[in-house]
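Colleague: Sequence and predicted structure are below.
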Amino acid sequence: MTDHETRLSVRMEAREAPQAQNGVPVHERQIDVSIVMPCLNEVEAVGGCIEEAKAALANLGMSGEVVVVDNGSSDDSVAVARAAGARVLHEPDRGYGNACRKGLTEARGRFLVMGDSDGTYDFSDLPNFVLPLLHGADMVVGNRLNQSMEPGAMPWLHRYVGNPLLTKTMNVLFAGVIKDAHCGLRSIKKESFQELNVRASGMEFASEFLIEALEHGARTEQVPIRYRRRSGGKPKLRTFRDGVRHLRLMIKRWRTSPATREDTRVEQYIASHSSELPQAGEA
Ligand SMILES: Nc1nc2c(ncn2[C@@H]2O[C@H](COP(=O)(O)OP(=O)(O)OP(=O)(O)O)[C@@H](O)[C@H]2O)c(=O)[nH]1
Ligand SMILES: [Mg+2]
């Protein structure tokens, strides 16, 4: 090819794939951070969440994308999300779990951050979810149960009964030390997520994700976060139905994977007591 032909073909490629850079189409380029937001009828909040996430990415100085996963919202969430600059994916099967799995699977970043699109999470917390992954953690889980929670952000029944009870159940059954098992603001390395087999379709996805991570021995950090009232829209979580779904999933998982559970318990016991155990060469 002559120089002229090369320049011509590069110009034609650029016309066909306007975002191509160095010959690599944008959809194949590796980026640093993907922020995945499940979204169902969150028109009042989703735009602000995307803006907040984009600003946090810019402050962090890392390349990134915001991925919104919709399940057929009947309001203008999709149009608002597109206008705010998110990549919008459609998941045909209803449910929070289906939406999260779709977004996390199709995200292009090395580091995956997930958070609700209802205005409750503050995406300017992004560095606390990305920097630990650069320094050896596989996963970071937020903890909303602290003094900075905005009054009215979480119903009393969830804050003082449902969430602590279900979190404690998970820790007892799966030897975890998780502080807020239902926190939806989390991050995980792409390669760590790919090792997990998280199949749940609904809200119990949040529990299964952590159970899988515990059983895979993911190095986990937890960070306190702010939690705000919804910026509008309606909660999709149904207290009793979803509470029972979390509980049933945990019992099923506990009954069906005893071998893995025992291994993990022994490994975690050794890890947490390593300084007390005799070292090689010691009498
Ligand atoms: N795509 C999709 N998103 C969903 C679905 N169900 C919930 N979501 C989204 O998942 C996030 C969590 O749902 P919420 O209704 O906020 O549940 P919650 O945070 O436990 O409840 P709130 O206290 O009301 O915030 C929100 O961004 C929802 O829009 C669903 O079936 N499909
Ligand atoms: Mg929410």
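Modeller: That came in fine, so what should we check first? Model, not experiment: these values are computed from the prediction. Numbers count the residues shown, from 1 in each chain. Ligands and ions are numbered 1, 2, ... in the order given.
Colleague: Now do the helices in this structure.
Modeller: Assigned by DSSP state H, the chain shows helices spanning 3-16, 46-60, 77-83, 96-106, 126-134, 156-157, 163-174, 190-195, 205-215, 239-256, 258-272.
Colleague: So which of these is nearest ligand 1?
Modeller: helix 96-106 (3.3 Å; CB to the nearest ligand atom). Yep, even glycine has a C-beta here, placed from its N, CA and C like the rest.
Colleague: and the closest one with ligand 2, contact?
Modeller: No. Shown here: helix 96-106 not in contact with ligand 2 (CB under 5 Å from the ion), separated by at least 9.6 Å.
Colleague: Quickly check: that helix near ligand 1 or not.
Modeller: Yes. For helix 96-106 and ligand 1, the contact criterion (CB under 6 Å from any ligand atom) is met by 96, 99.
Colleague: And that helix, how far out from the chain middle?
Modeller: 9 Å (CA atoms, centre = their mean, to the nearest Å).
Colleague: Next, the angle from it to helix 205-215.
Modeller: For helix 96-106 against helix 205-215, the angle by axes from the mean of the first three to the mean of the last three CA atoms, to 10 degrees is 50 degrees.
Colleague: same for helix 96-106, what does it pack against?
Modeller: Helices and strands touching helix 96-106, by 3 or more CB pairs under 8 Å, 6 or more residues apart in numbering; DSSP states H and E, are strand 31-39, strand 64-70, strand 87-90, strand 109-114, helix 205-215.
Colleague: quick one: strands adjacent to the first one?
Modeller: It refers to strand 31-39. Strand 31-39 pairs in its sheet with strand 64-70 (parallel), strand 109-114 (parallel), by DSSP bridges.
Colleague: do you know how far the residue nearest the centre of the chain is from residue 249?
Modeller: Centroid-nearest residue in the chain, with CA atoms, centre = their mean: residue 114, separated by 2.9 Å. According to CB to CB, to the nearest Å, residue 114 stands 18 Å off from residue 249.
Colleague: Could you show which parts of the stretch 101-250 of the chain are in contact with ligand 1?
Modeller: Proximity of the stretch 101-250 of the chain to ligand 1, by CB under 6 Å from any ligand atom, involves residues 116, 117, 118, 120, 184, 230, 235, 236, 237.
Colleague: of those, closest to residue 66?
Modeller: For these, the residue nearest residue 66 by CB to CB is residue 117; the value is 9.6 Å.
Colleague: I'd guessed that closest one sits against residue 67; true?
Modeller: No. When contacts are counted by CB atoms under 8 Å, residue 117 is not listed as touching residue 67 (10.6 Å).
Colleague: And those two? Which one has more around it.
Modeller: Between residue 117 and residue 67, counted using other CB atoms under 10 Å, residue 117 has the larger neighbour count: 33 against 25.
Colleague: quick one, what contacts the more buried one?
Modeller: 37, 38, 39, 42, 45, 46, 49, 50, 68, 77, 81 (CB atoms under 8 Å, 6 or more residues apart in numbering).
Colleague: again with residue 210
Modeller: So residue 210 contacts 141, 170, 174, 176, 178, 181 (CB under 8 Å, 6+ apart).
Colleague: what about the last one, neighbour count?
Modeller: Residues within reach of residue 181, counting by other CB under 10 Å, total 23.
Colleague: what about the nearest residue to it once chain neighbours are set aside, neighbour count?
Modeller: Of all residues not flanking residue 181 in the chain, residue 167 sits nearest, at 4.1 Å (CB to CB, 6 or more residues apart in numbering). By the criterion of other CB under 10 Å, residue 167 has 22 neighbours.
Colleague: Phi and psi next, for the residue in the chain that ligand 1 sits nearest to.
Modeller: Distances between the chain and ligand 1 by CB to the nearest ligand atom are smallest at residue 235, namely 2.8 Å. Phi and psi for residue 235, reported as degrees, to the nearest 10, are phi -60, psi 140.
Colleague: Could you list the contact residues of this structure toward ligand 2?
Modeller: Proximity of the chain to ligand 2, by CB under 5 Å from the ion, involves residues 116, 118, 120.
Colleague: residues in contact with the first one?
Modeller: Think residue 116. Counted by CB under 8 Å, 6+ apart, residue 116 has contacts 37, 38, 49, 184, 185.
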